[in-house]
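Enquirer: Give me a 3D structure for the following:
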Amino acid sequence: MAGHLLMTLPFPKPEPLLKAFQGAFPDLKVTFLRHEVKPAEAFVKQDMYIPPEILREATHLMTFGVVPDPTDAPNLRYIHFSVAGTDHVAHKAVFKDPKITITTSTGGPSIALAEWIMGSILGLTRQLFQYKDLQNKRTWGSSAPPPFTLDGKKMGIVGYGSIGRQVARLAQAFSMDVVVYNSRPRLTAEDRKDRNWYQAGSGDPDGTIPSAYFHGQSREDLHKFLSQNLDVLVLALPLTPATKHLIGEEELSILNANSPALLVNVARGPVVYQEALIASLKKGAAGGGLLGAALDVTDPEPLPTESELWGLPNVFITPHISSSTTQTVMRAYKILQDNLVRQLKGEELFNVIKKGSA
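Expert: Numbering: from 1, shown residues only. Coordinates of the predicted model:
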């Protein structure tokens, strides 16, 4: 494979991996330029100096969020994002360039995200965070009884993609009932198969874990799903104009109508109307609101210090790091390598979100 692969990533230069790339693709020139920001900041800090001669020569790009203008990179034909979501750069001109194919690392972060989700749920349901506070105070005390163990409880997942499938796999191991909601119908066994890249032994490749599939694009369809007596609601869907503020006051009221639920958001902050979320959390279980929430994403990011979310006792917040593990990064490289092999063979690439004409 001839060409020039440019990598602009917020990680240290992976020397052994680059040597492996060079061995697998001896005719492919590889240039690694570190984006000198923290990984979590790379979603919003997208400016980076790249020598013009490198941009002009680059045919392939692996990036977190540094995306050149097509006029500055006339030979660019393929972009692979080291993350699963692209809403932070979807407005860039490369997304409209008909010559450029774009893929993502969907499937790479799923294992880490699912572990974060289940760990956060356990931290809230078993009062682990409160016990850590007691430990910090050197107090051998007791907290409130755990609201519930997870066996026999119902988890609803909005967005049954790679992340949702791995969450379902773990939830099944806890003997939970899983139901899912997608915008498009998954009516047949063939429809329910995972077409994206996934780590062997992970996820739900055949889509057989959920006890029920729901779908729709209207509020009525979503409300029907939220009325299924859910104990836990996991949001793992992309942010689009249609999903902004998908969960608001009415949706939270329906979710908590019969019993207080936990809400977990690893999608994007604006998927939830944050003022409604805060109001429901302040009501709490006793007042008809949420039992609690685990948030790896907020609106905005970073979350301002004056936000009420910080001080609520039934909330667990992390700064958009649920997928940040060494293995996640390595899987992003693996997906790119798999796609380069497929490109050489003329096969369909994994995780294509935009197919170029050349």
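Enquirer: Show me what counts as buried in stretch 148-167.
Expert: For stretch 148-167, burial by neighbour count (16 or more other CB atoms under 10 Å) applies to 150, 153-167. Heads up, the C-betas are built off the backbone N, CA and C, glycines and all.
Enquirer: CA-only coordinates of that stretch in CSV, if you can.
Expert: Output in CSV follows, covering the C-alpha atoms of stretch 148-167 (Å, rounded to 0.1, in the frame of the first residue of the first chain):
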residue,chain,number,x,y,z
PHE,A,148,-31.5,-3.0,45.4
THR,A,149,-29.1,-5.7,44.1
LEU,A,150,-29.1,-6.0,40.3
ASP,A,151,-30.5,-9.6,39.8
GLY,A,152,-34.0,-9.5,38.4
LYS,A,153,-33.9,-5.8,37.7
LYS,A,154,-34.7,-4.3,34.3
MET,A,155,-32.2,-2.2,32.3
GLY,A,156,-33.2,-0.1,29.4
ILE,A,157,-30.6,0.9,26.8
VAL,A,158,-31.2,3.7,24.4
GLY,A,159,-28.9,3.1,21.4
TYR,A,160,-28.1,-0.6,21.0
GLY,A,161,-24.8,-0.2,19.2
SER,A,162,-21.3,-1.5,20.2
ILE,A,163,-21.5,0.1,23.7
GLY,A,164,-25.0,-0.9,24.4
ARG,A,165,-24.2,-4.5,23.3
GLN,A,166,-21.3,-4.8,25.7
VAL,A,167,-23.3,-3.3,28.6
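Enquirer: Now find how far off-centre that stretch is within its chain.
Expert: Average the C-alpha atoms of stretch 148-167, do the same for its chain, and the two points are 14 Å apart (CA atoms, centre = their mean, to the nearest Å).
Enquirer: And stretch 319-335, by the same measure?
Expert: A distance of 11 Å separates the centroid of the chain from that of stretch 319-335, by CA atoms, centre = their mean.
Enquirer: Just the strands from the stretch 251-358 of the chain, written as ranges.
Expert: Chain-ordered strands for the stretch 251-358 of the chain, with DSSP state E, counting those that start in this stretch as the definition, fall at 262-265, 292-295, 315-317, 352-354.
Enquirer: Turn these into JSON lines, including mean neighbour count and mean pLDDT.
Expert: Listed next are the strands of the stretch 251-358 of the chain as JSON lines, based on neighbours: other CB atoms under 10 Å; pLDDT from 0 to 100:
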{"stretch": "strand 262-265", "mean neighbour count": "25", "mean pLDDT": "98"}
{"stretch": "strand 292-295", "mean neighbour count": "25", "mean pLDDT": "98"}
{"stretch": "strand 315-317", "mean neighbour count": "19", "mean pLDDT": "98"}
{"stretch": "strand 352-354", "mean neighbour count": "16", "mean pLDDT": "96"}
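Enquirer: Check what contacts stretch 126-142 and list those residues.
Expert: Residues outside stretch 126-142 that contact it (CB atoms under 8 Å, 6 or more residues apart in numbering): 122-123, 143-144, 146, 149, 316.
Enquirer: switch the cut-off to 10 Å
Expert: Stretch 126-142 is contacted from outside by 119-120, 122-124, 143-150, 292, 313-316, using CB atoms under 10 Å, 6 or more residues apart in numbering.
Enquirer: List the buried residues of that stretch.
Expert: Within stretch 126-142, the residues that count as buried by 16+ other CB under 10 Å are 126-127, 129-130.
Enquirer: cool, and stretch 7-15?
Expert: Applying a neighbour-count criterion of 16+ other CB under 10 Å, the buried positions in stretch 7-15 are 7-11, 14.
Enquirer: try stretch 107-126
Expert: For stretch 107-126, by 16+ other CB under 10 Å, it's 107-118, 120-121, 123-126.
Enquirer: quick revisit: got the buried residues of stretch 7-15 as a markdown table, with pLDDT and distance to residue 335 columns?
Expert: As requested, these are exported to a markdown table (pLDDT from 0 to 100; distance: CB to CB, whole Å):
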| residue | pLDDT | distance to residue 335 |
| --- | --- | --- |
| 7 | 97 | 13 |
| 8 | 96 | 17 |
| 9 | 95 | 14 |
| 10 | 93 | 18 |
| 11 | 90 | 15 |
| 14 | 92 | 15 |
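Enquirer: and those, which two are the farthest apart?
Expert: Maximum pairwise distance among the buried residues of stretch 7-15 (CB to CB): 13.4 Å, between 8 and 14.
Enquirer: intersection of neighbour lists for those two?
Expert: Common neighbours of residue 8 and residue 14, counting by CB under 10 Å, 6+ apart, are residue 32.
Enquirer: circling back: ok, the buried residues of stretch 148-167 vs residue 39, which is closest?
Expert: Using CB to CB, residue 163 is the member of these that sits closest to residue 39, with 17.6 Å.
Enquirer: can you pull the pLDDT of that closest one?
Expert: Per-residue confidence (pLDDT) for residue 163: 97.
Enquirer: what does residue 358 give?
Expert: Residue 358 is assigned a predicted lDDT (pLDDT) of 60.
Enquirer: Please go through the protein and pick out the longest helix.
Expert: Across the chain, the longest stretch assigned as helix under DSSP state H is helix 326-345.
Enquirer: Okay then, goodbye and thanks.
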